[in-house]
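Engineer: what shape does this take:
(2 chains)
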Amino acid sequence: MARRLPRKDVVIVGLGWTGSILAYELARTGLEVVAIERGPWRDTATDFNIGTAPDELRYAVRHDVFLRPKQETLTMRNNPSQTALPIRKWGSFLPGNGVGGAGVHWNGQTWRFLPNDFRIRSHMIERYGEGFLPEANHIQDWPVSYDELEPYYDKFEYLAGISGKAGNIKGDMQPGGNPFEGARSREYPTPPLKQGYAQELFTKAATGLGLHPFPRPSANISAAYTNPYGCSMAPCTYCGFCERFGCANYSKASPQTCVLPALIREPTFEARTDSEVTKVNLSGDGKTATGVTYVDLNGEEWEQPADLVLLCAYGLFNVRLLLLSNIGKPYDPGRNEGVVGRNYAYQTGSGSTAFFEDAKFNPFAAAGSLGAAADDYNSDNFDHAPHGFVGGASITCAHTNGRPILYHPTPRGTPTWGSKWKKAVNETYQRVTNVGAQGSVMSYRNNFLDLDPTYKDPLGRPLMRMTFDYQDNERKMANWMAERCDEVAKAMGAKATQLNRLVGPWSVVPYQTTHNTGGAVFGNDPNTSVLNRYLQSWDVSNVFVMGASAFPQNAGYNPTGTVGALTYWSLDAIQKYLRSPGPLVQL
Amino acid sequence: MMRRMNADGIGTVLIGHLKVGVVLAALLATDNAIADSDKYVDNMRGRALATVGDCVACHTAPGGVPFAGGLALQTPFGVIMTPNITPDDATGIGRWSRDMFARAVHEGRRPDGSYLYPAFPYPYYTKVTRQDTDAIYDYLRALAPVSNSVNRNTLPFPFSIRSAMLGWNALFFSSGDFAPDPKRSEEFNRGAYLVEGLGHCGACHTPLNALGANKADHFLQGNNIDDWTAPNITNDARIGLGNWSVDEIVQYLRTGQTRTSLASGPMKEVVENSTSKMPDADLKAIATYLKERGAAGAPAPAPPSASDPQMRIGEAVFIDTCSACHMRTGAGVEHIFPRLSGNAIVTQDDPTTLVRIILTGTRGAGTDAAPTSPAMPSLGYRLTDSQLAAVVTYIRNNWGNAASAVTADTVKALRDRVSNPSLQAISR
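Structural biologist: A predicted model of the protein is given here:
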């Protein structure tokens, strides 16, 4: 029996990027805010000492800051005809754990989606006709436009001190930036990172091919910066320990560097760590959340009443919490009805590995989002008519690290151990780079999330089941992108290249990307969305759900910039809600 | 002699069920102080004065209720447990009158006439006006009483004999209100009143004689306290505040940092608990006083030559270990990594702070204006005594800095002291 705690104004589930931003913005107005986080407390000074932070074995191999499957895992299958099995070791994606969430271990690539991405269904139909969209697609327009989100992208970028070069300021094209980007209100807060030799070659080659390269926007920042919350950051030292690591240098934007120092000073804020929320509690009529129930490290159960419930867990776990709490109608792919779990999407990765005769790329002098990119093949920046697919990719030449344990690139066909392998590593390490394409994934009827009928977690709750595979549209797109990457790699002067295509069914084993989207999407129609355009539940108006779970489908970019923008967008709406509670969108 | 409270500022958010909270909120305890609405203004004035005096720092045990006492002050003569100054009748100052309180503050005497030790800085507080001590008294009286009995007799013989303080007082203590200097500005005199009185800055920043009294003729010329260097804060250009503007001093006291420096160690807590909560006008008065009252500091010693082996080793260690953050030029990064070139804390005659920070690591102050409270990691585990001495010597004598060389023995002695767990428990 859960023990009942004193009421709070706001309960926040999960203290990562979205949870910490909302906690700070609401606590500073005097509201009593409690954040409940299932993992441990983490802060830079205590947890990410420069003496121990670059420990590849501990963090990259043994997944120190990641969720343990024992805490929560998923079952997985490629299509509804299969029986899903539990993921027993996280592989394809790595959810974060603890304060800071995935904002601790991310690489820091901080994009804005393109204006067309927000109305991709309408746009594609207008340009190519309805028949151009792939079979059984659930592609839908976002309920907000780029222009509406622009001020909030700006807010997040200035919170995080993002380093980059604008391509379009209020319609004025800026040399050196991305000419395809939507108009931004001002320049990035800090200038781009210093580019390496590989990026220099890429930029030259891509320009020669008529593309428009630019330095990739980065949350590993190039210069000292103090954000509007008063939190200070230091310039990146290019140590190359970003992805899977906390930054010991105050150089990577994260809740730890950008929000928590201000948040923990707020007297009305409280964090409860090592405490897992098991469900959102509802009133008898199911229309109002009364708070949450959670279990602490000792297995004790507590009820935390609150007037407002903000789900700020990793997107996948927001979806599971909605399903376990009976908020919104679960998606049924057979009938193609219901919404919770609908429109799960992911990301494609393809490209070309480029081997050089005589180069020194120094891959160890790196940063998680150091890289040069081009958007000529992203979204609908090119004519899709001859290609027969929807979507696109950002292509990038990047070195995120050259770490000793896991970075041993060798040409395909090299033995995986022994003297031949050693020789190949020795010859390849300095002479290899790659051009990669990070592509969009559309939403489909048969890619979805629901509760598993068989497997349960240690608390007896059903695991969530992921049914996902790349569809023909994505394969076609990703493989076309691999060829485009290869053209650039060859133009860079590679003596040999190796295409990385999207082949076979999606596998959970090798790491691909932690860009899981959808499942609790926002929209203007409650029949195809869980949340209204303010990220407010259609069914329970005092529940708001943050994160990439709201994306109707995924774009050819990393999600965090858009997740941050949506958080500030929703914050404005939450403040409006607090003045006058109730649904913010009337049907 | 003075010992700061054992709270890691607001950086310490405890992990675990229901223990998590914001320590700062507990430190303020404002709700208790405004219980009597008729006295709101007086109580707020008293609270502000108690903040200037930083009473909470000593009168709060680690994790304890603010002002309820029980902190173990480590003095050269033994441990003194700080008393409970909440208005509890049995264990606090519940039965004290205003006069009794004023006498304790001004003369270091208890209601029964027995002597307090100058760990309680009454040699400074004697300058506080009666009006101000009354306001502090009123504020403390408005707090919720907390029953917390503290053993007040922990000093070993012969220091346990409180009447010995009669002789100490005769030698080193002269009571009396602050006397403004009519030749100085009002602002200077306000600063003097704060620094010489309630702020008791000299308690840390003035060297001690053998009997634990501040050397009046070396006022504010720097001191070693709890294995930290309380630097020279006269207007000396090399090791004092000579290169700081009034605005920079104000900025430092308000935010814990300037272009060159970040408050750490005991001063971190002074800034967090006290100066960051003071009005800018008072901070400016303090700054004006410190800038105008004069300079005192020894001239720079001749720096070792660049070919000196210690300098060469020090440079190598610096490049490997320090330069990523503090920069090859010693310029540091504003707000995060202190500047080492031209930073007076680096060139103090006493290198303790510099050595200690490298040995044990530390954190900078976290304030509303600058909440980050950045960390310097401990590097003692990977530098030998001689490597550490070399890098400190290099930092003290590079980029135009000039200060005495540091020996491996100095490092070893400090390492032994700060790595002794029993001492560390107290000093953190």
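Engineer: CA atoms of stretch B:61-81 as PDB?
Structural biologist: Only the C-alpha atoms of stretch B:61-81 are listed here, as PDB (Å, rounded to 0.1, in the frame of the first residue of the first chain):
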ATOM      1  CA  ALA B  61      26.700  21.500  12.900                       C
ATOM      2  CA  PRO B  62      27.200  19.600   9.600                       C
ATOM      3  CA  GLY B  63      23.600  18.700   8.600                       C
ATOM      4  CA  GLY B  64      22.300  20.400  11.700                       C
ATOM      5  CA  VAL B  65      19.600  23.000  12.200                       C
ATOM      6  CA  PRO B  66      21.000  26.500  11.400                       C
ATOM      7  CA  PHE B  67      22.100  28.400  14.500                       C
ATOM      8  CA  ALA B  68      21.700  25.300  16.800                       C
ATOM      9  CA  GLY B  69      25.400  25.000  17.300                       C
ATOM     10  CA  GLY B  70      27.500  21.900  17.600                       C
ATOM     11  CA  LEU B  71      30.200  22.500  15.000                       C
ATOM     12  CA  ALA B  72      33.700  21.400  16.000                       C
ATOM     13  CA  LEU B  73      36.000  24.300  15.600                       C
ATOM     14  CA  GLN B  74      39.600  23.200  15.200                       C
ATOM     15  CA  THR B  75      41.900  25.700  16.900                       C
ATOM     16  CA  PRO B  76      45.600  25.600  17.500                       C
ATOM     17  CA  PHE B  77      44.700  24.800  21.200                       C
ATOM     18  CA  GLY B  78      42.100  22.100  20.600                       C
ATOM     19  CA  VAL B  79      38.600  21.600  19.600                       C
ATOM     20  CA  ILE B  80      35.900  24.000  20.600                       C
ATOM     21  CA  MET B  81      32.200  23.100  20.000                       C
END
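Engineer: just checking it against chain A, any contact.
Structural biologist: No. Using C-beta under 8 Å from any C-beta of the partner chain, stretch B:61-81 stays clear of chain A, with a minimum separation of 13.7 Å. Any C-beta I mention is one placed from the backbone N, CA and C, and that applies to glycine too.
Engineer: list the buried residues of that stretch.
Structural biologist: Across stretch B:61-81, burial judged by 16 or more other C-beta atoms under 10 Å in any protein chain shown covers B:61, B:64-75, B:77, B:79-81.
Engineer: ok, now stretch A:180-193?
Structural biologist: The neighbour-count check on stretch A:180-193 (16+ other C-beta under 10 Å) flags A:180-184, A:188-190, A:192-193 as buried.
Engineer: pull the distance from it to the chain's centre.
Structural biologist: Remark: stretch A:180-193 is offset 20 Å from the chain centroid, using C-alpha atoms, centre = their mean, to the nearest Å.
Engineer: and that stretch, average pLDDT?
Structural biologist: Mean pLDDT, stretch A:180-193: 98.
Engineer: how about that stretch, does it reach chain B?
Structural biologist: No. Contact of stretch A:180-193 with chain B (C-beta under 8 Å from any C-beta) is absent, the minimum separation being 12.7 Å.
Engineer: and what of stretch A:264-273?
Structural biologist: Yes. Counting by C-beta under 8 Å from any C-beta, contacts between stretch A:264-273 and chain B involve A:264-267, A:269-273.
Engineer: hang on, A:Thr513 packs against A:Tyr346?
Structural biologist: Yes. With contact defined as C-beta atoms under 8 Å, A:Thr513 counts as touching A:Tyr346 (7.3 Å).
Engineer: the two - which one has more neighbours?
Structural biologist: More neighbours surround A:Tyr346 than the other of A:Thr513 and A:Tyr346, with 25 against 16 (other C-beta atoms under 10 Å in any protein chain shown).
Engineer: list the contacts of the more buried one.
Structural biologist: When the contact criterion is C-beta atoms under 8 Å, 6 or more residues apart in numbering or on different chains, the partners of A:Tyr346 are A:441, A:468, A:470, A:506, A:512-513, A:515-517, A:554.
Engineer: got phi/psi on it?
Structural biologist: Main-chain dihedrals, A:Tyr346, degrees, to the nearest 10: phi -140, psi -140.
Engineer: and A:Leu322, by the same measure?
Structural biologist: Note on A:Leu322: backbone dihedrals following degrees, to the nearest 10 are phi -60, psi -40.
Engineer: which residues does the closest residue to it other than its chain neighbours contact?
Structural biologist: Nearest non-adjacent residue to A:Leu322, counting by C-beta to C-beta, 6 or more residues apart in numbering or on different chains: A:Val340, 5.0 Å away. Under the criterion of C-beta under 8 Å, 6+ apart, the neighbours of A:Val340 are A:319, A:322-323, A:327-331, A:519-520, A:530.
Engineer: could you rerun that using 10 Å?
Structural biologist: By C-beta atoms under 10 Å, 6 or more residues apart in numbering or on different chains, A:Val340 lies in contact with A:318-320, A:322-323, A:325-331, A:448-451, A:519-521, A:530, A:537, A:539, A:549.
Engineer: narrow these to just the buried residues.
Structural biologist: Burial by neighbour count, 16+ other C-beta under 10 Å: within the contacts of A:Val340 this picks out A:318-320, A:322-323, A:325, A:327-331, A:448-451, A:519-521, A:530, A:537, A:539, A:549.
Engineer: quickly list what's touching both of A:Thr513 and A:Tyr346.
Structural biologist: A:92-93, A:554.
Engineer: where in the stretch 301-428 of chain B is pLDDT low?
Structural biologist: Where the stretch 301-428 of chain B drops to pLDDT under 70, the residues are B:420-428.
Engineer: check the stretch 151-300 of chain B too.
Structural biologist: Checking the stretch 151-300 of chain B against pLDDT under 70 turns up nothing.
Engineer: can we see that at 90?
Structural biologist: Residue ranges of the stretch 151-300 of chain B with pLDDT under 90: B:151-177, B:209-216, B:225-226, B:259-260, B:298-300.
Engineer: next: chain A.
Structural biologist: A:1, A:49-52, A:358, A:587.
Engineer: mind running it again at 80?
Structural biologist: Along chain A, segments meeting pLDDT under 80 span A:1.
Engineer: just the helices in it please.
Structural biologist: A:17-27, A:44-47, A:56, A:102-105, A:120-128, A:146-160, A:197-208, A:255-258, A:260-263, A:315-325, A:418-428, A:472-491, A:560-579 (DSSP state H).
Engineer: what does the shortest one contact?
Structural biologist: For helix A:56, the surrounding residues in contact (C-beta under 10 Å, 6+ apart) are A:62, A:241, A:244-245, A:401, A:403-407.
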